[in-house]
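*Asks:* below is the sequence, then the predicted model.
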Amino acid sequence: MPQFLWGHSRRYHDFQSSFRAVFPGMKLQKISVDAAFTCPNRDGSRGMGGCTYCNNRSFTPYFSGAKTSVSAQLEKGIRFFTHKYPQMNFLAFFQSFSNTYAPLPVLQQLYEEALAFPGVRGLVISTRPDCVDGNILDYLAELSRKCYVMLELGIESHLDHTLGSLNRGHTFAESEKAIRDAAARGIPTTAHLILGLPGENHQDWLDQAAVISRLPVMNIKLHQLQIHKGTLMAKQYHARPADFHLFSEEEYASLVVDYLELLNPRISVERFTSQAPPRLLIAPAWGIKNYAFTAKINKLLEERETWQGRLYTTF
């Protein structure tokens, strides 16, 4: 087995190991915050209705809520975790909708309220590529010199026809620009990507790994396509199920290993799967926890005697 670039014997570059290097000896937990943002493909700026697959309730913890202040949400979330782990520190995770989609003074007030809360060591900000401009990035770069800042960008696909069918309201060129502009300012980025989107195939997903590998992305989050209740995609799925290919656990695990082989070994992987609450999930209902799926990926990498970046090329 080769000496991996990320400095340990695991066969893929896991996010937790990289994160521990940033915060040595410290336990950290993200606390989700809903700051009542919207998205430009919801308010008419770039479209209406939002992304076809999106039901924000599928990933919003019970202790977050836009009707309460940032501080109140952090207090409730931190109380939930410190009951079990008194020495834990926290990152404020601005998660729901597009969390840079507001005037800069509004963003400054919200972010700095979060950073002023006891125990909060930094920010994780989830947003869209078309919702970060030079002024916002300059401000985040200034913040990142004082505390931890991670910008999570919903990329979802590298194919414009897919982005159009999802009602994303932006192009992949805008995704690439946002990633490069953030990197030029020293702001680390995480790219969200969905595997299994309608109209795409196995080769498209492998091509995506190669495309993402050429960008200055620090981390990625991979998600299998899930159909959530209350979404336009759920209606599309019920009307034309033949247009959708929903992976089995084994099929998806095999695809992830193929993807990892082509992925730049310097990019860390934060997660492989998404887990929606059963009450909101239509399909696929695997019933497997993230840690168990990660173990499946590790086992498959060993069985195939392969690793992240084995087929990666800079060309």
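*Replies:* Here it is on my side, so go on.

*Asks:* what pLDDT does Ser64 get?
*Replies:* For Ser64, the pLDDT comes out at 50.

*Asks:* remind me which residues of the stretch 201-315 of the chain are low pLDDT?
*Replies:* Applying pLDDT under 70 to the stretch 201-315 of the chain flags residues 315.

*Asks:* all strands of it, in order?
*Replies:* Along the stretch 201-315 of the chain, counting by DSSP state E, counting those that start in this stretch, strands occupy 219-224, 227-228, 268-271, 281-283.

*Asks:* tell me which of those lies nearest to Leu246.
*Replies:* Across the strands of the stretch 201-315 of the chain, Leu246 has its closest neighbour in strand 281-283 (5.4 Å, Cβ to Cβ). To be clear about C-beta, it is placed using only N, CA and C from the backbone, and glycine gets the same treatment.

*Asks:* what sits up against the closest one?
*Replies:* For strand 281-283, the external contacting residues (Cβ atoms under 8 Å, 6 or more residues apart in numbering) are Ser58, Gln226, Ile227, His228, Lys229, Ala234, Tyr237, Leu246.

*Asks:* circling back to that earlier point, how about CSV for the strands of the stretch 201-315 of the chain, with mean neighbour count and distance to Ile31 added?
*Replies:* Below are these laid out as CSV (neighbours: other Cβ atoms under 10 Å; distance: least, Cβ to Cβ, whole Å):
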stretch, mean neighbour count, distance to Ile31
strand 219-224, 21, 18
strand 227-228, 22, 23
strand 268-271, 20, 17
strand 281-283, 17, 24
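
*Asks:* ok so, going back, neighbour-wise, give me the winner out of the contacts of strand 281-283.
*Replies:* Gln226 (24 neighbours; other Cβ atoms under 10 Å).

*Asks:* which residues touch that one?
*Replies:* Contacts of Gln226 by Cβ under 8 Å, 6+ apart are Tyr53, Ser58, Ser274, Ala276, Leu281, Ile282, Ala283, Pro284.

*Asks:* what's the neighbour count on the first one?
*Replies:* Okay, so that is Tyr53. Tyr53: 24 surrounding residues under other Cβ under 10 Å.

*Asks:* ok but it is inside a helix, no?
*Replies:* No - under DSSP: H, G, I helix; E, B strand; the rest coil, Tyr53 sits outside any helix and is assigned coil.

*Asks:* how close does the spatially closest residue to it that is not a sequence neighbour sit to Lys289?
*Replies:* Computed as Cβ to Cβ, 6 or more residues apart in numbering, the closest residue to Tyr53 that is not its neighbour in sequence is Met233, at 4.5 Å. Distance, Met233 to Lys289, by Cβ to Cβ, to the nearest Å: 24 Å.

*Asks:* more crowded one of those two?
*Replies:* Neighbour tally, Met233 and Lys289, criterion other Cβ under 10 Å: the higher count belongs to Met233, 24 against 11.

*Asks:* I'd assumed Thr52 was in contact with the more buried one.
*Replies:* Yes - applying Cβ atoms under 8 Å as the test, Met233 and Thr52 come out as touching, 4.4 Å apart.

*Asks:* check contacts around Phe272.
*Replies:* If a contact means Cβ under 8 Å, 6+ apart, then Phe272 has Leu222, Val256, Asn290, Phe293, Thr294, Ile297 as its contacts.

*Asks:* now for Gln87: which residues touch it?
*Replies:* Shown in contact with Gln87 (Cβ under 8 Å, 6+ apart): Lys27.

*Asks:* start at 45 instead
*Replies:* In the new numbering, first residue 45, that becomes Gln131.

*Asks:* quick one: secondary structure of it?
*Replies:* coil.

*Asks:* just the pLDDT for it.
*Replies:* On the pLDDT scale, Gln131 is placed at 82.

*Asks:* wait, Ala226 sits on Glu220?
*Replies:* No - assessed by Cβ under 8 Å, Ala226 is found out of contact with Glu220, at 11.0 Å.
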